[in-house]
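Trainee: I need the structure of the sequence given here:
(one chain, ligands or ions: 3)
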Amino acid sequence: MIIGAQWGDEGKGKATDLLGGRVHYVVRYQGGNNAGHTVITPDGQRYALHLIPSGVLTPGCTPVIGNGVVVDPKVLLEEMAGLIERGVDLSTLLISADAHLIMPHHRVLDKVVERYLGKARIGTTGRGIGPAYGDKLARMGIRVADLLDENILRQKLELALREKNQVLVKVYNRKAIDIEEVVAEYSEYAEKLRPHIADTRLLLNQALERGETVLLEGSQGTLLDVDHGTYPFVTSSNPTAGGACSGSGIGPTKLNRIIGILKAYTTRVGSGPFPTELHDEMGEYLRTTGGEVGVTTGRDRRCGWFDAVIARYATRVNGMTDYFLTKLDVLSGLDEVPICVAYDVDGVRHDDMPMTQTELHHATPIYETMPGWKEDITACRGFDELPANAQAYIRRLEELSGARISVIGVGPGREQNVVINDLI
Ligand code: GDP
Ligand code: IMO
Ligand code: MG
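Mentor: Ligands and ions are numbered 1, 2, ... in the order given. Okay, here's the model as predicted:
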């Protein structure tokens with residue numbers, strides 16, 4: 001399992017792609033097209049994947065969209081077409097019949113609710129993620145399997161729109177959505193997606209019984225988890241380890257490696273607390289040097305130093321066995337590199353995540369400063385090749401995080417890694 005340890009965009013796509021050649025299935029288990037996973041293949045091609053698992057770029061690896069994902073079929077078909085045009089084989093793509101659909105009213109509601117929240121807005125990606133998961137839990141969602149029976153699709157849509165159209169028109173002063181238009185549009189998607197719809201829970205468990213390897217690719221990250229993240233400034237699903245089981249139908253006893261993806265500094269997109277955020281030219285330096293611009297919405301990412309309180313928290317919440325530390329190369333050239341080791345909350349030291357939202361909003365970082373390194377590390381492939389100060393920084397992060405750092409990313413390319421322990 002691959003999980004973001006911070007607020008997303010840690011480099012999960014690259015990590016998944018790296019392992020793709022050695023696994024039989026790569027499964028997305030939560031989230032939707034709010035995700036943006038960048039992969040750069042050895043021939044230098046850059047891909048931005050949103051719904052389709054990053055394993056798709058490795059021939060022989062079967063990509064699976066699990067039951068825990070929310071699928072916008074329009075976006076999925078566009079993404080598929082874009083990849084097919086670039087020569088990627090999508091014939092083996094599997095989509096869980098139980099995954100929920102993002103409907104037009106979810107997209108409209110996501111945007112309009114954010115507008116109404118004003119300054120209190122979450123800063124969502126506007127893709128309809130929250131409203132779609134909301135309906136799933138309220139038991140009025142529409143699932144991929146419902147696409148296969150037009151009568152059922154119409155019935156479920158009628159029930160949903162009976163309420164949603166009232167809300168759109170009477171609360172938000174928007175146009176009502178026409179049922180027949182949506183049924184016609186989604187029936188067309190149904191025909192195109194039909195060959196890919198499957199009982200993925202059964203297929204994945206059968207694969208495990210045959211001794212095959214399944215990789216679960218998380219989107220977002222631990223601090224964006226609806227239960228364990230910085231609520232309410234989170235996404236509406238469970239990216240954390242437990243969510244991978246419910247979102248794929250694979251039991252917890254089957255998981256043997258839980259790999260956290262951890263950026264050598266911290267970034268966040270959207271609103272919400274971020275104790276180590278830098279509002280000065282150093283933040284700007286990290287943004288520019290690290291190319292920290294959102295893959296999905298094109299928004300600038302907020303940037304700050306590494307936060308060990310969060311890393312320790314992610315280790316515990318997910319039961320991490322290994323870390324993949326990404327973007328260490330971005331820190332090359334600095335005189336010194338601060339690490340946040342604890343928070344000061346109104347005069348009290350917190351080594352662990354504060355319990356309340358108010359405390360986290362008041363948290364200021366307590367820093368420990370490590371000496372930097374000037375060398376270019378992008379060509380390093382062995383731990384011993386890294387400058388001594390970079391080695392010391394990695395060892396300190398490992399100590400503070402509480403799980404071993406097994407791979408270190410020294411550049412965006414598939415091969416730009418220092419591998420200490422093999423991940424499979
Ligand atoms: P994801 O959402 O977790 O898959 O991450 P994103 O793709 O949104 O953002 C991570 C960015 O960092 C992408 O542009 C990657 O190409 C890039 N990246 C990943 N690992 C490394 C690394 O080790 N070094 C550098 N310089 N870039 C990296
Ligand atoms: P990947 O998989 C970073 C953030 C949004 C917003 C909050 C809720 O590329 O790491 P949503 O649209 O999900 O309801 O928005 O979550 N967010 C992400 N931030 N990376 C992502 O995905 C994100 N997906 C959602 O910016 O703050
Ligand atoms: Mg991303």
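Trainee: just how off-centre is the host helix or strand of residue 113 within its chain?
Mentor: For residue 113, the element it lies in under DSSP states H and E is helix 104-117. Centroid separation for helix 104-117 versus its chain: 21 Å, with C-alpha atoms, centre = their mean, to the nearest Å.
Trainee: Before we move on, what's the pLDDT of whichever residue of the stretch 251-400 of the chain sits closest to ligand 3?
Mentor: In the stretch 251-400 of the chain, no residue comes nearer to ligand 3 than residue 295, which is 4.8 Å away by C-beta to the ion. Quick note: C-beta positions are derived from backbone N, CA and C, even for glycine. Looking at residue 295, its pLDDT stands at 86.
Trainee: is it true that it touches residue 33?
Mentor: No. Look at residue 295 against residue 33 with C-beta atoms under 8 Å: they stay out of range, at 10.9 Å.
Trainee: who's more crowded, these two?
Mentor: Neighbours per residue (other C-beta atoms under 10 Å) separate residue 295 from residue 33, with residue 33 holding more: 25 against 17.
Trainee: Just the angle for the host helix or strand of residue 78 relative to helix 104-117, thanks.
Mentor: Taking DSSP H and E as the criterion, residue 78 maps to helix 73-85. Interaxial angle of helix 73-85 relative to helix 104-117 (axes from the mean of the first three to the mean of the last three C-alpha atoms, to 10 degrees): 110 degrees.
Trainee: What helices and strands are in contact with helix 73-85?
Mentor: helix 179-193 (3 or more C-beta pairs under 8 Å, 6 or more residues apart in numbering; DSSP states H and E).
Trainee: Could I get the buried residue list for the helix holding residue 113?
Mentor: Within helix 104-117, the residues scored as buried using 16 or more other C-beta atoms under 10 Å are 104-114.
Trainee: and the angle for the helix holding residue 78 with helix 179-193?
Mentor: 30 degrees.
Trainee: How about residues contacting helix 73-85?
Mentor: 33, 47, 49-52, 56, 65, 90, 93, 95, 101-102, 127, 147, 185-186, 189-190, 192-193 (C-beta atoms under 8 Å, 6 or more residues apart in numbering).
Trainee: Which among those residues count as buried?
Mentor: 33, 47, 49-52, 56, 65, 93, 95, 101-102, 127, 147, 186, 189-190, 193.
Trainee: Direction included, what does the next helix or strand after the helix holding residue 78 pair up with?
Mentor: Next in sequence after helix 73-85, counting helices and strands by DSSP H and E, comes strand 94-96. Note on strand 94-96: by DSSP bridges, its sheet partners are strand 62-65 (parallel), strand 197-198 (parallel).
Trainee: and residue 389, how many neighbours?
Mentor: Using other C-beta under 10 Å, residue 389 is surrounded by 18 other residues.
Trainee: What sits closest to it if chain neighbours are left out?
Mentor: Excluding the flanking residues, the one nearest residue 389 by C-beta to C-beta, 6 or more residues apart in numbering is residue 373, at 4.2 Å.
Trainee: State the distance from whichever residue of the chain sits closest to ligand 2 to residue 35.
Mentor: Residue of the chain nearest ligand 2, by C-beta to the nearest ligand atom: residue 270 (2.1 Å). Separation of residue 270 from residue 35 (C-beta to C-beta, to the nearest Å): 13 Å.
Trainee: Looking at the chain, which helix is longest?
Mentor: helix 150-166 (DSSP state H).
Trainee: Now do the buried residues in that one.
Mentor: For helix 150-166, by 16+ other C-beta under 10 Å, it's 153-154, 156-157, 160-161, 164-165.
Trainee: ok, stretch 41-49 near ligand 3 or not?
Mentor: No. Stretch 41-49 stays clear of ligand 3 (C-beta under 5 Å from the ion), getting no nearer than 8.6 Å.
Trainee: How far does that stretch stretch from one end to the other?
Mentor: Length of stretch 41-49, first residue to last, C-alpha to C-alpha, to the nearest Å: 13 Å.
Trainee: quick one: low-confidence parts of the stretch 201-350 of the chain?
Mentor: Of all residues in the stretch 201-350 of the chain, none has pLDDT under 70.
Trainee: just the helices in it please.
Mentor: Using DSSP state H, counting those that start in this stretch, the helices of the stretch 201-350 of the chain run over 241-246, 281-290, 308-318.
Trainee: chain center to the last one: distance?
Mentor: For helix 308-318, the gap between its own C-alpha mean and the chain's C-alpha mean amounts to 16 Å (C-alpha atoms, centre = their mean).
Trainee: Not counting that helix itself, show me its contacts.
Mentor: Against helix 308-318 from outside (C-beta under 8 Å, 6+ apart): 3, 5-6, 221-223, 225, 228, 240-241, 258, 260, 262, 266, 275, 320, 323, 339-343, 350-353, 397, 400-403.
Trainee: Stretch 123-142 now?
Mentor: Under C-beta under 8 Å, 6+ apart, the answer for stretch 123-142 is 31-34, 70, 72, 75, 100-103, 105-111, 113-114, 122, 153, 156-157, 159-160, 163, 226, 233, 235-237, 269-272, 296-297.
Trainee: same thing but at 6 Å, please
Mentor: Here stretch 123-142 makes contact (C-beta atoms under 6 Å, 6 or more residues apart in numbering) with 32-34, 70, 100-102, 106-107, 109-111, 114, 156, 160, 236-237, 270-271, 296-297.
Trainee: Please apply the same query to stretch 34-50.
Mentor: 12-13, 17, 33, 54, 57, 79, 125, 127, 129, 219, 295-296, 412-414.
Trainee: ok, now with 7 Å
Mentor: 12-14, 17, 33, 54, 57, 75, 79, 125, 127, 129, 219-220, 235, 294-296, 412-415 (C-beta atoms under 7 Å, 6 or more residues apart in numbering).
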